[in-house]
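Colleague: predicted coordinates and the sequence they were generated for:
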Amino acid sequence: MSLAGKLLTGIICLFLCFPLKVSGWDWQTRVTVVVKDQPLRVVCEILEKGYGIHFSYSRELVDLSRKVTVTAYQQRLKSLLEELFAPDDIRFTRVGDQLVLQQVKRTTRTISGYVQDAVSGEKLPGATIYAPILKQGTTTNQYGFFSLTTVKDTNSLIISYVGYEPALLPVDGQANRILLVPLQPLASLQEVVVSGTDKTRIQDQTQMSKVHLPLAAVQSMPKLLGEADVMRTLQSMPGVGGGMDGAGGLHVRGGSPDQNLILMDGTPVFNFSHFFGVYSLLNAEVVKSADLYKGAFPARFGGRLSSVVDISLKDGDMRHYHGDVAIGMISAKFNVEGPIVKDKTSFIVSARRSYPDLLYNATLKTDGELGRGGAFYAYFYDVNAKINHIFSPKDRIYLSLYKGEDNLLIKSVPDSIVPDASGRAAESSRFQLGWGNTIGGLRWNHIYNTRLFSNVSLNYSQYAFRTEYEFKYKMPATGQASDLYGKYFSRMKNIGLKADFDFRPRPSHAVRFGGAVIAHYFRPGLMNLSDKGSTPVIPLDTAKNWLNIRGTEMLLYLEDDWRLRENLYANLGVHASGFVVEGRFYQSLQPRLGLRYMLPRNWAVKASYTHMNQYIHLLSSAGTSLPTDIWVPSTQRVAPMLSRQVAAGIAKTSTNNAFEFTLEGYYKTMYNMIEYSNNSAMITQPLERWDENVVIGKGWSYGGEAMIKKQKGTTTGWIGYTLAWSTRQFPEINNGRIFPYKYDHRHDVEIVLTQQIGKHWEASASWHYTTGAPLTLPVASYHGVGTASPWDPGSGVDVGIDRYDGRYNYRAADVHRLDMGITYSKQKKRWRKSWNLSVYNVYNQKNPFLYYMKRDEDEKQRYLSKVTVMPILPSITYSIKF
Amino acid sequence: MRSFFVYGILLLTLLSACEERVNIQLKYEGDKIVVNSLLQPDSVAYVRITRSVPANVYDESGFAEIGNAQVTLLQNGIALSALQQQTIKGRTYFVSKEKIANGNNYTINVTAAGLTPVTAQDTLPPAPVVSDGAARRGSTRIVFTLKDRPGAADYYKVRVLAYGPGNQPDTVRNFRLDPAFNNNLIDVIANTHYSSLIMDDTRFDGKTVNFVLETENPINATRLMVEISSLTCSGFKYFRTVDVQIRNGGVLITEPFTVYTNVHNGYGIVAGINSQRLVFSTE
């Protein structure tokens, strides 16, 4: 090399190396910065001072005022700068030893579409769409639709849903198109557990006091007499209690069962149980998922005080025909779904019926106890049908129908007519009893553009109870003949038209708004009985005790999931509603507020404040739900119920997403609640004056709930603990003093575990412990009187009277129970079979169902007696999926 | 319908349930004076004074009487002659010298050593206007006519007694309102009859009503007595709540029913009653 060449090479080398030597930093330099709630500018100053990194920018064009909290130890410089500047669209470039900052023109784009099961085409509500670089995300709504507005240079999104393989979705060039994101289901269900947060990490959701329950969580629980059940699974969550042992009923945060809004594909259900509350009215196989809101109610929900259970049903497989058939100890059921037109129209049909009465009826026929024309049926059934049709990528329609009933029929036609002890010779008798729901829904999803989605629905829901009785007899001694026919009928129905909109105007806002008009029809308590016999009886009165009332409810709502600052999020909403009934108008404006603040190490602090209003009341006997319970609207004397709830808590998911922890506290006040006044509950009063027989009071519920869940690995499950108080105050009950709610349980522990054992076996166990419910026992007994004079005929009969002073002076025994189940599944060539063995109440704990003061005439003693109804109950279920 | 269901569930569960005694120390309010007296016009007053007991005491002797009680009967605030103790059918009663008369207010005060004094008062109801009692032998129907006062809250108690061999109304017959007359499906399904019927006039205020009763068993007596009593509001509340508590059988599935008392600082009832009796031969 010539001298000139050496000199030139030296100069070039010197030129190239000089900046590095001067600046002393590069993109790989490890930096440590710890600031709390400081402007970006301060972070830049720290980097400049500590590492000699000089920032060059125009204060007028580049805004570094956003406050940030940074905890970075020995982090690569480039990754730290990306995290700091990406949310504000600030581009950084190295020029010499300068780091030049430029404000990129904020260009955004909106990506929207549906997330669906890759195999069946079933839409997945609550799936997560997440941009990891921007730490921005959203979830699909109940129709599986999402819309995410983000910066234009976002490369890809991660789509995830529990039970499915997460997918990486490249989004280059995908703007302004409606995407279909298929997720592949996992081969096994071992990681499918209940999630409190729609599968996103719980700290990334502003929504609190919510439980998400996918179908698999219901199916993995131990079964009661072979039936998996949605309500029973929800009862095993903190803050949720059941009713009497063996019976259903949701008591959420000290609320009564009538304060739960249960929505089936958006349609309200009035009585969500079969068989006096033992089973849910839905076949669990058709449930896609269920969301339970215990508080922090989003503005789109209203009409009940204490909880919302939002159940999504399966839509039907768009590509393949398949189904399942199962038989258990109580019921048999099937479920079939498939395409009508592939990828265009699908259907799903399911039906279930209890069958023990068929066996019993056959026995009765053989024995001839009810005569040749006699019959006995006691069963429940439910039928679900749904059609889902895609008109265009932007329009789809769902038509769903549900019919479910509990029925009892006893029909007797004696072969020979023989007078009984009362002298009556029965010719025939028939007693029929039934109650059930009829539900229909027509929904139309429409996508206006990538940012605006709507659902318009027309809903119909009816609950009816009816009894019929026929009795034809003669009295041979006198020739007296009777032909009695009577019926009792009660019905509640509503028809609603609702429009809901999802609007994502900016990355930091997710807006929902909508409105509805609902017509309520109340027709409770129509009773009629007549004797068409040879000597007809003129009734004392007729048709006195039934009502026919119509009420109209209107509502509007608006809510916004808003990212206020980097670490601060809010869900702001308002729900306005009005109710017109019998010329009166009630209205309410219900604020809904949720806040989330992110702390270091992925801890989230959440808080909420909500108002809820309820215009309809359930006439029920002291918290005991019965099919005969009657819904009635608010009256002049009984105003709509109102609740206010404040809740606060913390939430965190472990780094590997295996564990999730929540801790929440709440305080709820409830106004205008009703209860039958002392002694009115069992006395038949004219229904048109029901409001004169109830007292109006208020209630308070407060407590804390903790839950830790393991949601990954072969062992999954959760431990929940609830500490709660729930009290009531009515002016004419308990002398006006505050008393505990009937189902006030101080401590409640729930442990649920599921263990995957190899490829074919899955075991599950749940243990439930709760402290005793309040109980009222007599404080004295004394003698009563029947006649004015001891010389009167019929005098001298002893009447012992129990004295009660105040309500709930005792606590019943603590309740605890272990349920276990094991399932064996095997895939055959065309179908998959499974056996499930479940044992309810494994150690046969004698939990109290009810107490009573027993007068033991043999022992000449009087004492408190406890009745137990649910002993150890093993069951076996066989099912085939094809 | 609601009560029918409660009882239905109870029946079902009790049939399938197991039961065990709970050893628990029941709270006790302490001994209190129990005053029981139903005041009938044109009759002397009979007052029975007993003592309350803890709820787990099995008592088959009609509860312990307080023999040394001081009982005072006041008519419109003025004390009547001292009541005399009489033993009737093995029980002790405090009996007035004067007869009870309509249009007056009566107060009974009772004191006893070691117990808190008690007081209770009530008025008397007008006599019920009843007529035309009739029944066919071998049938289960009894009819009578009741004329109710318009615009006034009236309360009634009805009993049916059959005459025995001694020509005395010595047998209380169980009955109910005929289900077709009552237009009540529950009655006919439940198929339960009771020894008395307690009712108010909500459904027939001011009307003359031909009542139809249905007895549990065919009528085989040659003579029957239907006793229709007017009650005061206190008497009605008492009988109604006793009726409900007894029917409920102490089962604590619903809230227990508190029996009405108008005895201050004690238990029991002091109430006016005015009975009319229709006695007739069965056809």
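Modeller: All right, it came through fine.
Colleague: for the stretch 201-350 of chain A, what are the low-confidence residue spans?
Modeller: Within the stretch 201-350 of chain A, the set of residues satisfying pLDDT under 70 comprises A:244-248, A:277.
Colleague: OK, now which residue of it is nearest to chain B?
Modeller: Nearest residue of the stretch 201-350 of chain A to chain B (Cβ to the nearest Cβ) works out as A:Phe276 at 6.5 Å. For every residue, glycine as well, the C-beta is placed using N, CA and C.
Colleague: surely that residue and A:Leu626 touch.
Modeller: Yes - here A:Phe276 reaches A:Leu626: they are 7.4 Å apart, a contact under Cβ atoms under 8 Å.
Colleague: and stretch B:89-106, how far out from the chain's middle?
Modeller: Per Cα atoms, centre = their mean, to the nearest Å, the displacement of stretch B:89-106 from the mean C-alpha position of its chain is 17 Å.
Colleague: ok, stretch B:123-133 next?
Modeller: 16 Å.
Colleague: likewise for stretch B:87-102?
Modeller: Counting by Cα atoms, centre = their mean, stretch B:87-102 comes out at 18 Å from the chain centroid.
Colleague: pLDDT of that stretch, averaged?
Modeller: Averaged across stretch B:87-102, the pLDDT comes to 92.
Colleague: following the chain past the longest strand along chain A, name the next helix or strand.
Modeller: Criterion DSSP state E: the longest strand present in chain A is strand A:480-506. Counting by DSSP states H and E, the element after strand A:480-506 in chain order, helix or strand, is strand A:509-531.
Colleague: how many residues are close by A:Gly479?
Modeller: By other Cβ atoms under 10 Å in any protein chain shown, the residues close to A:Gly479 number 12.
Colleague: and it, what's its pLDDT?
Modeller: 75.
Colleague: pretty sure the residue of the stretch 201-350 of chain A closest to chain B is in a strand, no?
Modeller: No - according to DSSP: H, G, I helix; E, B strand; the rest coil, the state of A:Phe276 is helix, so it is not within a strand.
Colleague: how is chain A carved up into domains?
Modeller: A:24-103, A:108-307, A:308-378+A:395-477+A:488-773+A:812-881 (automatic domain parsing).
Colleague: can you pull the contacts of the residue nearest the centre of chain B?
Modeller: Taking Cα atoms, centre = their mean, the centroid of chain B lies closest to B:Phe239, which sits 4.5 Å from it. Applying Cβ atoms under 8 Å, 6 or more residues apart in numbering or on different chains to B:Phe239 gives the contacts B:Lys157, B:Ser196, B:Ile198, B:Leu231.
Colleague: chain A: which of those residues is nearest?
Modeller: For the contacts of B:Phe239, the nearest to chain A is B:Ser196 (7.9 Å; Cβ to the nearest Cβ).
Colleague: B:Thr171 - how many residues pack around it?
Modeller: Neighbour number of B:Thr171 under other Cβ under 10 Å is 15.
Colleague: any idea how far B:His193 is from it?
Modeller: Separation of B:Thr171 from B:His193 (Cβ to Cβ, to the nearest Å): 14 Å.
Colleague: low-confidence regions, the stretch 701-850 of chain A specifically.
Modeller: For the stretch 701-850 of chain A, the ranges with pLDDT under 70 are A:796-797.
Colleague: okay, strands next: where are they in it?
Modeller: Taking DSSP state E, counting those that start in this stretch, the strands of the stretch 701-850 of chain A run over residues A:715-729, A:739-740, A:747-757, A:761-770, A:774-775, A:780-783, A:800-803, A:810-811, A:815-827, A:832-840, A:850-856.
Colleague: let's have these in JSON lines, adding distance to chain B and mean neighbour count.
Modeller: JSON lines is the format used below for those (distance: least, Cβ to the nearest Cβ, whole Å; neighbours: other Cβ atoms under 10 Å in any protein chain shown):
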{"stretch": "strand A:715-729", "distance to chain B": "12", "mean neighbour count": "20"}
{"stretch": "strand A:739-740", "distance to chain B": "10", "mean neighbour count": "20"}
{"stretch": "strand A:747-757", "distance to chain B": "21", "mean neighbour count": "18"}
{"stretch": "strand A:761-770", "distance to chain B": "18", "mean neighbour count": "19"}
{"stretch": "strand A:774-775", "distance to chain B": "6", "mean neighbour count": "19"}
{"stretch": "strand A:780-783", "distance to chain B": "4", "mean neighbour count": "25"}
{"stretch": "strand A:800-803", "distance to chain B": "5", "mean neighbour count": "21"}
{"stretch": "strand A:810-811", "distance to chain B": "8", "mean neighbour count": "16"}
{"stretch": "strand A:815-827", "distance to chain B": "14", "mean neighbour count": "18"}
{"stretch": "strand A:832-840", "distance to chain B": "15", "mean neighbour count": "18"}
{"stretch": "strand A:850-856", "distance to chain B": "4", "mean neighbour count": "19"}
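Colleague: output those as TSV; include the columns distance to A:Pro185.
Modeller: Shown next, in TSV, are the strands of the stretch 701-850 of chain A (distance: least, Cβ to Cβ, whole Å):
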stretch	distance to A:Pro185
strand A:715-729	17
strand A:739-740	46
strand A:747-757	16
strand A:761-770	16
strand A:774-775	46
strand A:780-783	65
strand A:800-803	60
strand A:810-811	47
strand A:815-827	14
strand A:832-840	13
strand A:850-856	45
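Colleague: what sits against B:Lys207?
Modeller: Contacts of B:Lys207 (Cβ under 8 Å, 6+ apart): B:Asp148.
Colleague: repeat that with 10 Å
Modeller: B:Lys207 makes contact with A:Leu540, A:Asp541, B:Leu146, B:Lys147, B:Asp148, B:Pro150, B:Asp201, according to Cβ atoms under 10 Å, 6 or more residues apart in numbering or on different chains.
Colleague: which pLDDT does the model give the fifth one?
Modeller: Put plainly, it is B:Asp148. 95.
Colleague: what does the first one give?
Modeller: As summarised for this prediction, A:Leu540 has a pLDDT of 79.
Colleague: do you know which of the strands of the stretch 701-850 of chain A lies nearest A:Pro871?
Modeller: strand A:832-840 (8.8 Å; Cβ to Cβ).
Colleague: can you check what angle separates that closest one from strand A:815-827?
Modeller: 170 degrees (axes from the mean of the first three to the mean of the last three Cα atoms, to 10 degrees).
Colleague: how far off centre is strand A:832-840?
Modeller: 25 Å.
Colleague: could you do stretch A:233-241 as well?
Modeller: The answer for stretch A:233-241 is 10 Å, by Cα atoms, centre = their mean.
Colleague: the residue of the stretch 201-350 of chain A closest to chain B: how many residues sit nearby?
Modeller: Counted with other Cβ under 10 Å, the burial measure for A:Phe276 works out to 22 neighbours.
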